[in-house]
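S.K.: Okay, sequence plus prediction incoming.
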Amino acid sequence: MKLNLIGYFLLIFTCASAQYGGNYAFKFLDIPMTSRAAANGGTNMGLWNTDIHSLHSNPALLNKYMAKQIALNYCNYVSDLNFGYGAYAYSLKQKGVVAASIQFYDYGSFNGYDEFGNKTNNFKANDYSINLSYAKPFKDSSFNIGATLKTLISTYDIYQSYGNAIDFGIIYHKNNFNVSILAKNFGFVYKTYTNTSVNDKLPTNLQLGLSYKLPKAPFRPFVTFDYLNKKSLKYISPVDTTGKTNVLVTDSRKLDSTGFQKFAVRFNSGFDGLMRHTIIGTEIVFTKNFNLQIAYNYRRQKEMTLPERRGVNGLSFGFNMNFKRFAFAYSFSKMAFPGNASIFSLTIKH
C-alpha cells in the first residue's frame, strides 16, 4: 500500500496557510497573485483604476478602460513553489465588460515512497482557478457592480478535488473617494480528494475597502477590512513556548488587581483583534504613468513573527510603470525569515 504522502503534504500546507483555522480547501485563493494587490498588503479591492490586474482583487473594478488589455503575472515563491495569473478583458459597449482569467499554484515535484521506504513514482501538485467575470455600471455611473464565477481544480498526485465559487462586488467612486464591498469565494466543493473526506469549505471572505485621493497631493491612502465574516483571526503559534503570540497571556509577576490592569488587557486584546482584520497603506501617484505602493498587513506580521524575532513581516511595497503599449509592475512582500515574495506583472495593451 502506498504511503499517503498527499495527506502529509496537505496537513503541512493547510497549517502553513490557514492560520486562523486550518480547515479550508483551496486556500491558494487567498494568495495575492498580482503585483499591485501584493504591494497593497494583499488586495486592492477598494481602489478604482484602469489596471486590468485589479480584476483579481475585485470584479467590480472591471471597467471599459480595461478592454483589450492582457494581464500576465508570475512569482517564483519559495524553492519549487511558483504561481501566476493571466487575464483578458473585452467591452460589450453598453452591456458592460467581460473578462476571462486563470490563476495557478504549482507546488513542484515530489518523490513518492511506499510504507517500507521504497521509492515509487514521482508526483506533482497543482491548483487552478478558471474564471469568467462580468461588470457593468449600475444606474448612476458612480456605481459599478461585478461578479466572477470560478471553476476550481486541484490535483495532488492521483487525488483530485473540484469546486465552484463566486465573487460579487460593488464599488462607489466619485470625487477621488472610493468605497467597496466584496463577497469572495462563496461556493462549494462538489468533489473531495477521497470518498471518505468530509465536506471541504472554501475560504469565504467579506471585505470592505475605502480610499481617498488627497486634493493637490500625490497620496491615495486606503484601508481594507479583511475577513469581516470571521469574528476572530487570532492565532497562537505552536512553536511559541512563551506565549508571546497570545495577547491574552500576561506575566503573573506583573499582574495586579487594579482596574487599569484589567482594562489594559481587554484593550490590547480588542485592538489586536481589530487590527488582524485591517490592512493600511497608500499609493503615491507621481504621474499618470508612474506610481508607488506601500502597505502594512498586521495579521501577516503577527502570524509570521518568530517568538524571539519580530522584524518587519507584513510590510509590502511595489511600483507601476505605464507606457503606450504595455505596462510593467513589481512588488516585494516581507513574509518571514528568510522568506520573501516578489511578483512581476506585465500588461499588454491593444
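M.R.: Sure, I can see it. Numbers count the residues shown, from 1 in each chain.
S.K.: Going by C-alpha atoms from here, please, whenever you check contacts or count neighbours.
M.R.: Fine.
S.K.: what number of residues lie near Tyr121?
M.R.: That one is not Tyr; residue 121 is Asn. 10 (other C-alpha atoms under 10 Å).
S.K.: Poorly predicted segments of the stretch 151-300 of the chain, please.
M.R.: For the stretch 151-300 of the chain, applying pLDDT under 70 flags the ranges 196-199, 235-257.
S.K.: Which parts of it are helices?
M.R.: Taking DSSP state H, counting those that start in this stretch as the test, the helices found in the stretch 151-300 of the chain are 259-275, 298-304.
S.K.: Ok, the stretch 1-150 of the chain next?
M.R.: Along the stretch 1-150 of the chain, the stretches classed as helices by DSSP H, counting those that start in this stretch are 5-17, 35-39.
S.K.: looking at those, which one has the lowest mean pLDDT?
M.R.: When mean pLDDT is averaged over each of these, helix 5-17 scores lowest at a mean of 38.
S.K.: from memory Asp200 sits against Val189, does it?
M.R.: Yes: under the criterion of C-alpha atoms under 8 Å, Asp200 makes contact with Val189 at 6.1 Å.
S.K.: buried residues in stretch 174-194?
M.R.: 177-189, 192-193 (16 or more other C-alpha atoms under 10 Å).
S.K.: Among those residues, which one sits closest to Gln160?
M.R.: For the buried residues of stretch 174-194, the residue nearest Gln160 by C-alpha to C-alpha is Tyr193; the value is 5.1 Å.
S.K.: Provide a list of residues in contact with that closest one.
M.R.: Residues near Tyr193 by C-alpha atoms under 8 Å, 6 or more residues apart in numbering: Tyr159, Gln160, Ser161.
S.K.: The first one: what's its closest spatial neighbour, skipping adjacent residues?
M.R.: In this case it means Tyr159. Tyr193 (5.2 Å; C-alpha to C-alpha, 6 or more residues apart in numbering).
S.K.: Strands of the stretch 151-300 of the chain, residue ranges please.
M.R.: Along the stretch 151-300 of the chain, the stretches classed as strands by DSSP state E, counting those that start in this stretch are 159-174, 177-191, 205-212, 219-225, 278-287, 290-297.
S.K.: Could you dump those into a markdown table with distance to Asn118 added?
M.R.: Below are the strands of the stretch 151-300 of the chain laid out as a markdown table (distance: least, C-alpha to C-alpha, whole Å):
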| stretch | distance to Asn118 |
| --- | --- |
| strand 159-174 | 21 |
| strand 177-191 | 31 |
| strand 205-212 | 43 |
| strand 219-225 | 49 |
| strand 278-287 | 48 |
| strand 290-297 | 44 |
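S.K.: Nearest to Leu233 among those strands would be which one?
M.R.: Using C-alpha to C-alpha, these put strand 278-287 closest to Leu233, at 10.9 Å.
S.K.: Need the contact partners of that closest one.
M.R.: Strand 278-287 has contacts (C-alpha under 8 Å, 6+ apart) with 40-41, 218-226, 291-299.
S.K.: Can you flag the buried ones in those residues?
M.R.: Listed as buried from those are 40-41, 219-226, 291-299; burial here means 16+ other C-alpha under 10 Å.
S.K.: residues contacting the closest residue to Ala183 other than its chain neighbours?
M.R.: Once flanking residues are discounted, Ala183 sits nearest to Leu206: 4.7 Å by C-alpha to C-alpha, 6+ apart. By C-alpha under 8 Å, 6+ apart, Leu206 lies in contact with Ile181, Leu182, Ala183, Lys184, Asp226, Tyr227, Leu228, Asn229.
S.K.: can we see that at 6 Å?
M.R.: When contacts are counted by C-alpha atoms under 6 Å, 6 or more residues apart in numbering, Leu206 touches Leu182, Ala183, Tyr227, Leu228, Asn229.
S.K.: Just the closest of those residues to Lys334, please.
M.R.: Tyr227 (21.0 Å).
S.K.: so the closest one touches Thr204, yeah?
M.R.: No: if you go by C-alpha atoms under 6 Å, Tyr227 and Thr204 don't touch, sitting 8.0 Å apart.
S.K.: And the residue nearest to Tyr159, how close does it get to Leu202?
M.R.: Tyr193 is 14 Å from Leu202, where distance means C-alpha to C-alpha, to the nearest Å.
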